[in-house]
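[1] Using only what follows, build the 3D model:
(one chain, ligands or ions: 1)
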Amino acid sequence: MQVDYAIIGAGPTGLGAARRLAELGCENFVVLEKNAHPGGLAASFKDAHGYTWDIGGHVVFSHYEYFDRMLDELLGADQLRHERRAYIRARGAWVPYPFQNNIRHLPRPARWECVSGLLPGRRPEGPPRNFQEWIACVFGEGIGNLFLWPYNFKVWAIPPALMSASWVGERVSIVSLEGVLKNIILELDEVGWGPNNAFAFPAFGGTGEIFRRMAAPLSGHIRYGDGVAQIDAAKKTLTTASGEKITFGALLNTGPLDLLVREQLLSPPDECVEAAKLLKHNGVYVAGVGVAERPLYEGEKDQRCWMYFPEDDCPFYRVTNFHNYAPANVPDPDHEGGPQKAAFLCETSFSGHKPEDRATLMERTVAGLGNVGLLPEQAQARVESRFEMSVEYGYPIPCLERDQALRTLQPRLEAEGISSRGRFGGWKYEVGNMDHSVMQGVEWAERMLLKQPEKTYTWK
Ligand SMILES: Cc1cc2nc3c(=O)[nH]c(=O)nc-3n(C[C@H](O)[C@H](O)[C@H](O)COP(=O)(O)OP(=O)(O)OC[C@H]3O[C@@H](n4cnc5c(N)ncnc54)[C@H](O)[C@@H]3O)c2cc1C
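    This is a model prediction of the structure:
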């Protein structure tokens, strides 16, 4: 088989590229997907009890007109809109997100810890050499100890001292002593910060529904269940796991960049092999805990979307009340008086720095839900579904060596006609969400056909 364009992966990036190639009138391309389904990390699954689960709670928010239009075209009326209601569990309190803007919800001694860390002369002057130091310079020891240091270790599964702070941008709300004091004294909450303060969600099928619908009209171009095993860049051919050979004009990889270099490229240059070793990632274990009856929060229906957990009374760093995202995420959504069941989507990260015994994680997750007050002991008997998934590649870590590695790898690959984009293809967390990923694919297709420069992904 011979194609102008070969795309590895039918996740958001690969589908973005394929959709745009087709929109621009290109017919001669193929998408090779090792799984039997589209969506990659943004896929969703229905379990045997009728609960729908994402691979970790996904919310759809976008920075791009193209992506918004596409979502409307694909989902039409089948999308629900939500306001973010996110919280952090610390010292027995629920603090509205962003933590640093809502310190007043903490017990008094903890409030003082946060304030005293921000007093003049208490914070190191910098410049910070890594993420650990950046937190100290910007937020001080109190907020660092209570939330940012333990939480970031829990989610990234790597000490923040080994991470760069260059990715932070719009991902972390910056706060001042004045802001914290105002919050405490005037009792004014600040909960609207950030790009994801409102989000959309498919009415049924989970986040994966977006990508099932995106893939459907492209099905003639997509081959499922046959991964790319080897790439001969010099001959511009690839070989699939089943042994098929495909010759391509240009190649878009959307699978993990380190695996592309280490396992798929034939005779990769030594400097690329060395650079690929510098890339770090964590894995994420996802536990879907389905409960026959929704526990109440402060005596009422729990309206919260998701919650962060920096402390060690539970293994997970985040729990999503997935039942609040769409009634169809739980069985019997049309129950008289509204759906009755609860779907807790719990995420725990793991790595060499933070090993987790996966054999006991479900049990520890359910116990943790009890410890943090989400699932009282009597309700634990009502757990009817325990759905487990684990992905080895969860978060591409913005480690200190990342940018140097990308500056070595990307130009070498481009010179061979190979572009590597998307969450793990591009390995840049700051442009690693679904909207960024789709747009990286779209912009790659526009570069191929229209010679337009890409904007979302750069490595310089
Ligand atoms: C826990 C978690 C929570 C998240 N939450 C959000 C959120 O709230 N909002 C948001 O916008 N984004 C979120 N994301 C990110 C979102 O999942 C990604 O942006 C998106 O899935 C990346 O798309 P991609 O196509 O680049 O990569 P992937 O989704 O990883 O897709 C790559 C595809 O390539 C295939 N592949 C890999 N290697 C090969 C091979 N050799 N041959 C053939 N096929 C191959 C894979 O099977 C996969 O289907 C979250 C991710 C995680 C892990």
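[2] If you tally nearby residues, what's the number for residue 292?
    Neighbours of residue 292 under the rule other Cβ atoms under 10 Å: 17. For every residue, glycine as well, the C-beta is placed using N, CA and C.
[3] how close does it sit to residue 364?
    Here residue 292 is placed at a distance of 21 Å from residue 364 (Cβ to Cβ, to the nearest Å).
[4] Residue 132 reaches residue 159, doesn't it?
    Yes: shown here, residue 132 and residue 159 form a contact pair, counting by Cβ atoms under 8 Å, at 7.0 Å.
[5] Looking at those two, which one has more neighbours?
    residue 132 (20 against 15).
[6] Next one: the more buried one relative to residue 284, how far apart?
    Note on residue 132: its distance to residue 284, by Cβ to Cβ, is 22 Å.
[7] same question, residue 313
    Distance, residue 313 to residue 284, by Cβ to Cβ: 20 Å.
[8] more crowded one of the two?
    residue 284 (23 against 12).
[9] Could you give the bridge partners of the more buried one?
    Under DSSP bridges, the beta-bridge partners of residue 284 are residue 349, residue 391.
[10] so residue 306 touches residue 56, yeah?
    No: judged on Cβ under 8 Å, residue 306 makes no contact with residue 56 at a distance of 10.0 Å.
[11] okay, and the common contacts of those two?
    Shared contacts of residue 306 and residue 56, defined by Cβ atoms under 8 Å, 6 or more residues apart in numbering, comprise 318, 320.
[12] helix, strand or coil for residue 63?
    Assigned by DSSP: H, G, I helix; E, B strand; the rest coil, the conformation of residue 63 is coil.
[13] how about the nearest residue to it once chain neighbours are set aside, what does it touch?
    Closest residue to residue 63 apart from its sequence neighbours, by Cβ to Cβ, 6 or more residues apart in numbering: residue 435 at 5.8 Å. Residues near residue 435 by Cβ under 8 Å, 6+ apart: 60, 61, 62, 63, 64, 67.
[14] one more time with 10 Å
    12, 16, 60-64, 66-68, 70-71, 195, 456 (Cβ atoms under 10 Å, 6 or more residues apart in numbering).
[15] contacts with the ligand among those, please.
    Taking Cβ under 6 Å from any ligand atom, the overlap between the contacts of residue 435 and the neighbourhood of the ligand is residue 12.
[16] Now, the contacts of residue 435 that are in helices?
    Under the assignment DSSP state H, the contacts of residue 435 contribute 12, 16, 66, 67, 68, 70, 71 to helices.
[17] So which bits of the helix or strand of the chain with the lowest mean pLDDT are buried?
    Ranked by mean pLDDT, DSSP states H and E, the weakest helix or strand in the chain is helix 377-380, scoring a mean of 91. Residues of helix 377-380 classed as buried under the neighbour-count rule (16 or more other Cβ atoms under 10 Å) are residue 379.
[18] neighbouring contacts of that helix?
    In contact with helix 377-380 (Cβ under 10 Å, 6+ apart) are residues 289, 291, 292, 293, 294, 295, 296, 342, 366, 367, 369, 370.
[19] Contact residues of the stretch 301-450 of the chain facing the ligand?
    Neighbours of the ligand within the stretch 301-450 of the chain, by Cβ under 6 Å from any ligand atom: 347, 394, 422, 423, 424, 425, 432, 433, 434, 435, 437.
[20] farthest pair in those residues?
    Within those, 347 and 425 form the most distant pair, 22.1 Å apart (Cβ to Cβ).
[21] And residue 315, how far from the ligand?
    Between residue 315 and the ligand the computed distance is 14 Å (Cβ to the nearest ligand atom, to the nearest Å).
[22] what's near enough to touch that residue?
    So residue 315 contacts 154, 285, 287, 309, 346-350, 356-357, 360-365, 367-368 (Cβ under 10 Å, 6+ apart).
[23] about what we covered before: which one of the residues of the stretch 301-450 of the chain next to the ligand sits in the busiest neighbourhood?
    residue 422 (34 neighbours).
[24] quick one: it and residue 442 touch, right?
    No: look at residue 422 against residue 442 with Cβ atoms under 10 Å: they stay out of range, at 11.6 Å.
[25] who touches both of those two?
    13, 16, 17.
[26] Most neighbours of all those residues, which one?
    residue 13 (34 neighbours).
[27] Quick check: it vs the ligand, distance?
    In terms of Cβ to the nearest ligand atom, residue 13 sits 3 Å off from the ligand.
[28] Now do the phi/psi pair for the nearest residue to that residue once chain neighbours are set aside.
    Counting by Cβ to Cβ, 6+ apart, residue 13 lies nearest to residue 422, which is 3.2 Å off, once chain neighbours are set aside. With angles defined as degrees, to the nearest 10, residue 422 sits at phi 100, psi -170.
[29] ditto for residue 19
    Phi and psi for residue 19, reported as degrees, to the nearest 10, are phi -60, psi -40.
[30] That one touches residue 215, doesn't it?
    Yes: using Cβ under 10 Å, residue 19 is in contact with residue 215, at 9.1 Å.
[31] could you list every residue that touches residue 81?
    60, 198, 199, 200, 201.
[32] buried subset of the residues you listed?
    Neighbour-count burial (16+ other Cβ under 10 Å) applied to the contacts of residue 81 gives 60, 199, 200, 201.
[33] Out of the residues you listed, the closest to the ligand would be?
    Ranked by distance to the ligand (Cβ to the nearest ligand atom), the buried ones among the contacts of residue 81 are led by residue 60 at 6.3 Å.
[34] Would you confirm that that closest one contacts residue 200?
    Yes: if you go by Cβ under 10 Å, residue 60 and residue 200 touch, sitting 4.6 Å apart.
[35] where exactly do the strands run in the stretch 151-300 of the chain?
    198-202, 222-224, 228-232, 237-240, 245-253, 280-281, 283-291 (DSSP state E, counting those that start in this stretch).
[36] what would those strands look like in JSON lines with mean pLDDT and distance to the ligand?
    Below are the strands of the stretch 151-300 of the chain laid out as JSON lines (pLDDT from 0 to 100; distance: least, Cβ to the nearest ligand atom, whole Å):
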{"stretch": "strand 198-202", "mean pLDDT": "93", "distance to the ligand": "8"}
{"stretch": "strand 222-224", "mean pLDDT": "98", "distance to the ligand": "9"}
{"stretch": "strand 228-232", "mean pLDDT": "98", "distance to the ligand": "4"}
{"stretch": "strand 237-240", "mean pLDDT": "98", "distance to the ligand": "8"}
{"stretch": "strand 245-253", "mean pLDDT": "98", "distance to the ligand": "8"}
{"stretch": "strand 280-281", "mean pLDDT": "98", "distance to the ligand": "10"}
{"stretch": "strand 283-291", "mean pLDDT": "98", "distance to the ligand": "5"}
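[37] For residue 60 and residue 200, list the residues in contact with both.
    68, 71, 75, 79, 81, 82, 210.
[38] Which of those residues are buried? Put it as a PyMOL command.
    In PyMOL, a selection of the buried entries from these looks like this (16+ other Cβ under 10 Å):
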select buried, resi 71+75+79+82+210
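[39] Filter the shared contacts of residue 60 and residue 200 down to the ones in helices?
    68, 71, 75, 210.
[40] Including pLDDT, could the residues you listed go into a markdown table?
    Listed next are these as a markdown table, based on pLDDT from 0 to 100:
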| residue | pLDDT |
| --- | --- |
| 68 | 96 |
| 71 | 97 |
| 75 | 97 |
| 210 | 98 |
